[in-house]
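Undergrad: A predicted structure for the sequence below; I have some questions about it.
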Amino acid sequence: MNPVTRFTTVSKTSFLKLFIGLIALLCFMPGAASAAPPITSKIRKDISKTMDAEKRTQNLKAEWKDESRDLADQLEQLEEEAATLKKELKKLTLRLSLEKRKHAENLRREKETGRIKNELTGFLDRVLSTLEANIAVDLPFLTQERKARIVALKEMMVDPEESPAEKFRRVFEALQIEAEYGTTVEVTQETITLDGKEIIVDLFRLGRVSLLCQSLDQKKSAAYDPGTGSWQALPDTVNRDLSRAIAMARLERSIELVELPLGRLQK
């Protein structure tokens, strides 16, 4: 207890005892009996007031102690919460710094991806244009199929929903197909113009080296001349070997040597 508070409490108690003693002394003094009732009544009122004040003071002190204790507990709790929040703030600050670095890295990657995407798109467009030009001057085989593939690729290249990886895959798939034409032998039936007439023929393709054809009755044979862009009739002596070559390409005949006109035709 505070010395001043203790002194005040002791002083008030001593004063109260002294005051009560004086009252008792006055009661036993000569002539006090006649005046006792009014004096005693007044004193009792004063004593009652003093005791009430003392009681209120004690109650206030008790309430203040309780409130002080509660405030101390609240302060301790707030300090603990402040320490916890400080730790959380430090964590959040570090996390924010990390997220900022990640965001910056994502922006850099996005920018780099956009640059690569634009360069890849330009490259694929050039490849597709070159492929289309080569088909236009190549031997006329599977013409509709090859042109349809080019059209589909062009539509895909302008489709925003197609990924760059898919565009790359399909363009190079077309390149691979075209490259394989140079190493394969194939027979298809098509309609050509020969000597001013349209006839259905067996079209025999030997890689990209030569493109020959023979009528279904095997009586007429012709070779495609890239120089003139037209079909040139071949001698009847070619019919037998070409017929055999067509059968071998269809796996209808065992492999054997045959003589066929290859390369550019001589006039």
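TA: Cool, the structure landed.
Undergrad: for the protein, which residue is closest to the average position?
TA: Against the mean C-alpha coordinate of the chain, by Cα atoms, centre = their mean, the closest residue is N106 at 10.0 Å.
Undergrad: so that residue, which of the three states?
TA: Here N106 is helix, with the state taken from DSSP: H, G, I helix; E, B strand; the rest coil.
Undergrad: pLDDT below threshold where in the chain?
TA: Within the chain, the ranges that satisfy pLDDT under 70 run 1-39, 263-267.
Undergrad: 80 - rerun?
TA: Low-confidence segments of the chain, defined by pLDDT under 80: 1-40, 42-46, 263-267.
Undergrad: residue ranges of the helices in it, please?
TA: 3-28, 32-137, 143-157, 164-181, 238-249 (DSSP state H).
Undergrad: Highest mean neighbour count across the ones you listed, which stretch is it?
TA: Mean neighbours per residue, mean count of other Cβ atoms under 10 Å, is largest over the helices of the chain for helix 238-249, with a mean of 18. The C-beta positions use only the backbone N, C-alpha and C, and glycine is treated the same way.
Undergrad: just checking, what packs against that one?
TA: Judged by 3 or more Cβ pairs under 8 Å, 6 or more residues apart in numbering; DSSP states H and E, helix 238-249 is in contact with strand 185-194, strand 197-206, strand 210-215, strand 221-225.
Undergrad: of these, which approaches I255 most closely?
TA: Proximity to I255 (Cβ to Cβ) singles out strand 185-194 among the helices and strands packed on helix 238-249, at 10.7 Å.
Undergrad: how much does that closest one deviate in direction from strand 197-206?
TA: Strand 185-194 and strand 197-206 are oriented at 160 degrees to each other (axes from the mean of the first three to the mean of the last three Cα atoms, to 10 degrees).
Undergrad: Run through who's touching strand 185-194.
TA: Contact partners of strand 185-194, identified using Cβ atoms under 8 Å, 6 or more residues apart in numbering, comprise 141-142, 198-207, 213, 220, 222, 230-231, 233, 246, 249-250.
Undergrad: Buried members of those residues into ChimeraX, please.
TA: A single ChimeraX command suffices to select whichever of those are buried according to 16 or more other Cβ atoms under 10 Å:
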select :141,142,199,201,202,203,204,205,206,213,220,222,231,246,249
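Undergrad: M156 versus L120, what's the distance?
TA: Distance of L120 to M156, given as Cβ to Cβ, to the nearest Å: 14 Å.
Undergrad: list the residues that contact both of these two?
TA: Jointly contacting L120 and M156 under the rule Cβ under 8 Å, 6+ apart are K167.
Undergrad: Among the helices and strands packed on helix 238-249, which comes closest to L78?
TA: strand 185-194 (87.6 Å).
Undergrad: Okay, now the sheet partners of that closest one, with direction.
TA: strand 197-206 (antiparallel) (DSSP bridges).
Undergrad: and the direction of the strand it pairs with versus that of strand 221-225, what angle?
TA: Interaxial angle of strand 197-206 relative to strand 221-225 (the same axes, to 10 degrees): 80 degrees.
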